[in-house]
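Q: the following comprises the amino acid sequence and a computationally predicted model.
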Amino acid sequence: MNIDFDKMNVPDLEALIEKAREEISLRKVSARDRLKQEIEDRLKETGLDLADLFPGTGKKTRKSSGDRDGKSVQVKYRDPVSLGTWSGRGGRPPQWVKSIMMERRWTLEEFKTSGEYDV
C-alpha cells in the first residue's frame with residue numbers, strides 16, 4: 001500500500017490516523033476473541049474449564065477496602081489480559097481501565113456500557 005502523503009492535507013492525514021487506530025483496535029479485539037475461543041475449545045476437549053487452571057476466575061464478590069460494615073461488592077468488569085477486576089465503584093478506576101479508555105479514547109461511561117469487559 002503506497003500512500004502519497006504529499007498530496008494529503010492535515011484533515012486527510014488525521015482521518016487516516018483515526019482509521020488506522022480503529023483498525024488496530026478491531027484487530028486486537030478479533031485476535032483476543034479468536035484466542036479466547038481457541039482456549040475454550042481446547043479446555044472443552046480435555047474436560048477442563050478456566051476455573052480448573054485459574055481458581056477464583058468465576059463470578060465472585062470481593063470485599064472493598066471502603067466497606068467497613070462487611071458488605072461485599074460484586075465484580076462487574078474484568079481485564080482479559082491481566083485478569084484484573086473492578087466493581088465499577090469508587091472515585092478512580094484502576095490503571096487497566098484507564099489504559100483501555102486512553103487507547104480507545106473512551107469516557108468512563110463508554111467503558112461501562114461497551115459490554116466488552118463485563119464479567
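A: Sure thing, it's come through.
Q: now for the nearest residue to G84 once chain neighbours are set aside: which residues touch it?
A: Of all residues beyond its chain neighbours, the one nearest G84 is W96 (4.6 Å), with distances taken as Cβ to Cβ, 6 or more residues apart in numbering. For every residue, glycine as well, the C-beta is placed using N, CA and C. Residues touching W96, when contacts are defined by Cβ atoms under 8 Å, 6 or more residues apart in numbering, comprise D79, V81, S82, G84, W86.
Q: where along this protein do the helices fall?
A: Under the criterion DSSP state H, helices of the chain are mapped to 10-46, 50-53, 95-104, 108-114.
Q: in the third one, what counts as buried?
A: Within helix 95-104, the residues that qualify as buried are W96, V97, I100, R104, counting by 16 or more other Cβ atoms under 10 Å.
Q: about what we covered before: most tightly packed of the helices of the chain?
A: Of the helices of the chain, the one with the most neighbours on average (mean count of other Cβ atoms under 10 Å) is helix 95-104, at a mean of 15.
Q: that one versus helix 10-46: what angle between them?
A: 130 degrees (axes from the mean of the first three to the mean of the last three Cα atoms, to 10 degrees).
Q: mind exporting the C-alpha coordinates of helix 95-104 to CSV?
A: The C-alpha coordinates for helix 95-104 follow below in CSV (Å, rounded to 0.1, in the frame of the first residue of the first chain):
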residue,chain,number,x,y,z
GLN,A,95,-5.0,1.5,35.8
TRP,A,96,-6.1,-1.2,33.4
VAL,A,97,-9.4,0.6,32.9
LYS,A,98,-7.6,3.9,32.4
SER,A,99,-5.3,2.3,29.8
ILE,A,100,-8.2,1.0,27.8
MET,A,101,-10.0,4.3,28.0
MET,A,102,-6.9,6.1,26.7
GLU,A,103,-6.3,3.6,23.9
ARG,A,104,-9.9,3.7,22.7
